[in-house]
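**Student:** Fold the following and give me the result.
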Amino acid sequence: MKESHESCAVAVKTKFGYAFQQEFQYRMPNIFECEFYLLEMMDCCLIVFHPYRPLVQFCQELGTSLDKKDQHQQDLILQTAWKTINDTLRTDICLLYPPYLVALACMQVACIILGKDFKQWFAELSVDIDKCVEVVKLILNLYDMWKTFDEKKEIPALLAKIPKPKSSPR
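**Tutor:** All right, here's what the predicted structure looks like:
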């Protein structure tokens with residue numbers, strides 16, 4: 001237990017040293033208690049389906065509609081969409097929308113970033129385009145927020161809102 005606390009404290013001091021002026025005050029029992037509350041709130045359902053598999057399948061399907069010389073485009077779209085999915089995992093998008101929809105939205109964002117026009121391909125899919133556009137807007141909002149987000153300014157304010165643990169004997 002002590003090693004876990006120390007490694008957690010070192011990690012916090014290294015990454016968020018500017019936010020914690022004193023010693024890291026949370027102990028492993030505090031963290032376990034928070035995890036318990038999260039599990040309880042989620043009804044112990046921790047199954048989250050990631051959008052990576054549908055992304056690969058959609059990119060393969062897109063590749064069949066491309067010429068052999070355009071395989072490089074398919075790879076670029078896959079790489080960019082993969083990175084976009086990684087970014088969405090910092091949000092609740094993967095908890096609110098089905099994986100295939102997140103994958104398609106990330107592909108659309110990748111096409112926007114790369115300046116590729118696959119509107120016809122997307123139009124031929126039998127999915128709710130409005131839902132897909134909704135997810136795209138959330139992703140674009142995330143990127144807009146990141147442009148102005150100042151971690152050193154925002155994190156201390158967020159940490160100040162977190163309830164402090166009751167001090168326990170060491």
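
**Student:** buried stuff in the top helix by length along the chain?
**Tutor:** Using DSSP state H, we find that the single longest helix of the chain is helix 129-148. For helix 129-148, burial by neighbour count (16 or more other CB atoms under 10 Å) applies to C132, V135, V136, L138, I139, L142. The C-beta positions use only the backbone N, C-alpha and C, and glycine is treated the same way.

**Student:** Which single one of the residues you listed is nearest to I31?
**Tutor:** L142 (26.5 Å; CB to CB).

**Student:** Tell me, how many residues neighbour the nearest residue to that closest one once chain neighbours are set aside?
**Tutor:** The shortest distance from L142 to any non-neighbouring residue, by CB to CB, 6 or more residues apart in numbering, is to T91 (5.9 Å). T91 sits with 14 neighbouring residues when counted by other CB atoms under 10 Å.

**Student:** C-alpha coordinates for the longest helix of the chain, PDB please?
**Tutor:** Provided in PDB are the C-alpha atoms of helix 129-148 (Å, rounded to 0.1, in the frame of the first residue of the first chain):
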ATOM      1  CA  ILE A 129     -26.100  10.900 -40.400                       C
ATOM      2  CA  ASP A 130     -27.600  13.400 -37.900                       C
ATOM      3  CA  LYS A 131     -26.200  11.300 -35.000                       C
ATOM      4  CA  CYS A 132     -22.800  11.100 -36.800                       C
ATOM      5  CA  VAL A 133     -22.800  14.900 -37.300                       C
ATOM      6  CA  GLU A 134     -23.600  15.300 -33.600                       C
ATOM      7  CA  VAL A 135     -20.500  13.200 -32.600                       C
ATOM      8  CA  VAL A 136     -18.400  15.200 -35.100                       C
ATOM      9  CA  LYS A 137     -19.500  18.400 -33.500                       C
ATOM     10  CA  LEU A 138     -18.500  17.100 -30.000                       C
ATOM     11  CA  ILE A 139     -15.100  16.200 -31.300                       C
ATOM     12  CA  LEU A 140     -14.600  19.500 -33.000                       C
ATOM     13  CA  ASN A 141     -15.800  21.200 -29.800                       C
ATOM     14  CA  LEU A 142     -13.100  19.200 -27.900                       C
ATOM     15  CA  TYR A 143     -10.400  20.500 -30.200                       C
ATOM     16  CA  ASP A 144     -11.700  24.100 -29.900                       C
ATOM     17  CA  MET A 145     -11.600  23.800 -26.100                       C
ATOM     18  CA  TRP A 146      -8.100  22.400 -26.200                       C
ATOM     19  CA  LYS A 147      -6.900  25.500 -28.100                       C
ATOM     20  CA  THR A 148      -7.800  27.800 -25.200                       C
END
